[in-house]
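Visitor: A structural model of the following input is requested.
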Amino acid sequence: MLEVKTNITHNVKRDSIKTGFERILFERDHDGNLWIGSWNQSPILYKIDETQITRFEFPIGTYLASDNPFDSNPNNVLFGSSNSVLFFKDDTFLSLPSPKLANPSPYQILNLGNYTYVIIANTSGRKQIHRWNGTNWEILNCDLEFQNLQNLKQIGNDKILVTEGNSEIAYILDQDGKLISEFAPSGAPMKVKVNSKKIFLFSDSKLEVRNSDGKLESLLDLYDETMKSYFGSYLEFIDVFIQNESNLVLLLKERNKKPANKHLLNFNLDTFTLTPHALSEKLTPDLNLLQFEIDPSGEYWFKIYGNHYSESFITLNAELTI
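Guide: Numbering: from 1, shown residues only. Below is the predicted model of the structure:
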């Protein structure tokens, strides 16, 4: 791997984070740090940890992948570049050699064990999973015929969850591509989040909670008439945050309404109950919310879609509302 030299600035002020007119990378890593990627002037990544905001500015000629692929584990944080995969560790970025493809920009990335798995963004690339084995790139030997690969996620210590954008079948593979099991989500495509023991899949209206083998444990349907009766209208998912094994925070909005009321709810998986979050009343209907994350200090960051295709952030502190 080759080192990518970056210009590092520590203790950056929050209001100096540059955002612009593109899909901004916004992710939370394994350690709870937030990452924001912006390309308004030159490729920049911001890391928000418990003590400071650090800015990494990349040299001219290095670009981050437009689909914002991201992965994180206890050892590394991974980003997609325009032609390969970037590893971050100890304030240093390292780049894998570029796959020998016409358009090698990654769409999804996953680092598991000794391998790095990649779905390539171009149309033909999303029919195969490419794997870096530490020496060279290879195509994962898998008997399944993929058509529109959507997600790669780690399950446990050694399994891979694979979903497709136009198929209502999800697959669990071993590290060599052998099929372990498969299951049928309630729809396609669905967004996917995982923790050490559970799989969470959500669409506009449904949230599935599955165990690490893919078995359905619970289903929350926002179009259920009981939900409509309680909230006064049909709701849809914007985002889901995994707090721990038993608790989620759900960001919801009214369906087919502009402006739409927003709801931030605590969801307890053990009791299957929803309760209003302390910040819910702070989310006004005019906010066009796209995503949210919680930084290591407990502050909530909301990604907002603005005028002229711009994206920006607001932050709210739950403790200050109590």
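
Visitor: my read: Val192 touches Gln154, true?
Guide: No. At 11.0 Å, Val192 does not count as touching Gln154 under the criterion of CB atoms under 8 Å. Where you see a C-beta, it was placed from the backbone N, CA and C, and this is true even at glycine.

Visitor: Spell out which residues are contacts of both of these two.
Guide: Leu161 (CB atoms under 8 Å, 6 or more residues apart in numbering).

Visitor: Break down the stretch 201-322 of the chain into its helices, ranges please.
Guide: 225-231 (DSSP state H, counting those that start in this stretch).

Visitor: And the strands in the stretch 101-250 of the chain, which stretches?
Guide: 106-112, 115-120, 130-132, 137-139, 149-155, 159-164, 170-173, 179-183, 191-194, 198-202, 206-211, 216-221, 235-242, 247-254 (DSSP state E, counting those that start in this stretch).

Visitor: Generate TSV for those, with mean neighbour count as supplementary columns.
Guide: Formatted as TSV, the strands of the stretch 101-250 of the chain follow (neighbours: other CB atoms under 10 Å):
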stretch	mean neighbour count
strand 106-112	23
strand 115-120	24
strand 130-132	20
strand 137-139	14
strand 149-155	21
strand 159-164	22
strand 170-173	22
strand 179-183	14
strand 191-194	17
strand 198-202	23
strand 206-211	19
strand 216-221	14
strand 235-242	19
strand 247-254	20
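
Visitor: Take those strands and write them to TSV, including distance to Gly32 and mean pLDDT.
Guide: Formatted as TSV, these follow (distance: least, CB to CB, whole Å; pLDDT from 0 to 100):
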stretch	distance to Gly32	mean pLDDT
strand 106-112	18	97
strand 115-120	23	96
strand 130-132	27	97
strand 137-139	32	96
strand 149-155	17	95
strand 159-164	22	95
strand 170-173	27	96
strand 179-183	29	96
strand 191-194	15	95
strand 198-202	18	96
strand 206-211	22	96
strand 216-221	25	96
strand 235-242	12	97
strand 247-254	14	97
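
Visitor: Adding distance to Phe26, write those out as CSV.
Guide: Output for the strands of the stretch 101-250 of the chain, formatted as CSV (distance: least, CB to CB, whole Å):
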stretch, distance to Phe26
strand 106-112, 16
strand 115-120, 20
strand 130-132, 25
strand 137-139, 28
strand 149-155, 17
strand 159-164, 21
strand 170-173, 25
strand 179-183, 29
strand 191-194, 14
strand 198-202, 17
strand 206-211, 21
strand 216-221, 24
strand 235-242, 10
strand 247-254, 13
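
Visitor: and Ile24, which of those is closest to it?
Guide: strand 235-242 (14.5 Å; CB to CB).

Visitor: Now do the closest one against strand 247-254, angle only.
Guide: 160 degrees (axes from the mean of the first three to the mean of the last three CA atoms, to 10 degrees).
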